[in-house]
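Student: Give the three-dimensional model of this entry:
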Amino acid sequence: MKVGKEGDAVRRARLRRYFRLGLAAQIGLVGLIAVGAYVGVLPTSLEGVPYGDKVGHAVLIGPLAFFLDGALELRSVVLGWKFPRVAPVVVLVVAGIEEYLQRFSARRSSNFGDFAADVVGVCFFSWLAGRVARRGR
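Tutor: Numbers count the residues shown, from 1 in each chain. Reported below is the predicted structural model:
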C-alpha cells in the first residue's frame, strides 16, 4: 500500500472515480424513472405510502448532488469560498426547471412540495458528500 502524499493521491483518485461512476448510475436511474412517469409506464406517486412522493424526490434527487459534489471535489461557485458549492446549485436549478415543466404534462403535476423535498434531499446528501470527501483525503 502506498504511503504519504502518493498514497493520498491514489485514494483521492479512487474516490473521484467512485463518485463519477455513482453519478452516471444515478443520472441513468433518475432519467429512467422520469421518462417512465412521463410516458405512463411508471406510477407518478406511491399510493398507500404516506409522503412517499416527497421521500422519493429526496432520495432520488439528493444522491445526484452527492455524486456530483464528490466528482467536482466540493468545488464552490466562488473561488476561495466554501459555500455555495457548484453541485447543489446545478442540481437544484435542473430540479426546479423540471418541476416547473411538469405543469405542461398531462401525466405529471407541478408542486412546490416536491421541489421542497428536492431541496431537503440535496442539502442532506451534499452535506454527506462533504463528510465522505473530506474523510477520504
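
Student: CA only for contacts and neighbour counts going forward, please
Tutor: Fine.

Student: could you give the mean pLDDT of whatever helix or strand Val59 lives in?
Tutor: Using DSSP states H and E, Val59 falls within helix 52-71. Across helix 52-71, pLDDT averages out at 92.

Student: Which secondary structure state is assigned to the nearest residue to Glu99 once chain neighbours are set aside?
Tutor: Using CA to CA, 6 or more residues apart in numbering and skipping residues adjacent in sequence, the residue nearest Glu99 is Ser110, 5.5 Å away. Secondary structure for Ser110, judged by DSSP: H, G, I helix; E, B strand; the rest coil, is coil.

Student: do the same with Leu21
Tutor: helix.

Student: what about it, how many neighbours?
Tutor: Leu21: 13 surrounding residues under other CA atoms under 10 Å.

Student: coming back round to it: pretty sure the residue nearest to Glu99 contacts Gln102?
Tutor: Yes. If you go by CA atoms under 8 Å, Ser110 and Gln102 touch, sitting 5.1 Å apart.

Student: residue ranges for the helices of this protein, please.
Tutor: 5-39, 52-71, 86-101, 112-135 (DSSP state H).

Student: Any buried residues in the first one, and which?
Tutor: Spelled out, it's helix 5-39. Under the neighbour-count criterion of 16 or more other CA atoms under 10 Å, helix 5-39 has 12, 15-16, 19-20, 22-23, 26-27, 30, 33-34, 37-38 buried.
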